[in-house]
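S.K.: When you get a sec, could you give me coordinates for this:
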Amino acid sequence: MSKDRQLLEQLIKNWAQSHTSEWTIKDLAPGDDGVRKSGEFFTWLILNGYATIDLLSLVDHLELFVAGMRKRDISSGLFCGECGVFSRFAEPNKEDGGFVCWSCKNSPYH
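M.R.: This next block holds a predicted model:
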């Protein structure tokens, strides 16, 4: 899986999560299955009236993503498995090879 694909997956999951406080990303691991599970749950939220689709928000997220890609080199770094934020130069700090950022590790709310 390319880094661009992983970034877009995380972007879509985070966009979906921003629609309701009840939303939980279904699978943080990269791959089509995680996006599919998230999509199924997000569709359920919409059909049952818990959320609406804000496509302008998605366009804003994509625009910021593209602008960020042009400004920085993301050849090294990882996404936090808790909040989804990209940390440049980060290395895995979990036994399973994942990464949790300093803020999430030290947050009393996690």
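S.K.: any idea how far residue 88 is from residue 53?
M.R.: In this view, residue 88 and residue 53 are 31 Å apart by Cβ to Cβ, to the nearest Å. C-beta coordinates here come from the backbone N, C-alpha and C atoms, glycine included.
S.K.: the more surrounded of the two?
M.R.: Each of residue 88 and residue 53 has its neighbours counted (other Cβ atoms under 10 Å); residue 53 has more, 14 against 11.
S.K.: isn't the more buried one right next to residue 46, touching?
M.R.: Yes: with contact defined as Cβ atoms under 8 Å, residue 53 counts as touching residue 46 (6.2 Å).
S.K.: can you list the domain ranges for this structure.
M.R.: Following automatic domain parsing, one gets these domains for the chain: 1-71, 74-110.
S.K.: now the first one, how far from the chain's geometric center?
M.R.: Distance, stretch centre to chain centre, for domain 1-71: 6 Å (Cα atoms, centre = their mean, to the nearest Å).
S.K.: Let's test this: mean pLDDT of that domain, rounded?
M.R.: Averaged across domain 1-71, the pLDDT comes to 73.
S.K.: The shortest one now?
M.R.: Averaging pLDDT along domain 74-110 gives 81.
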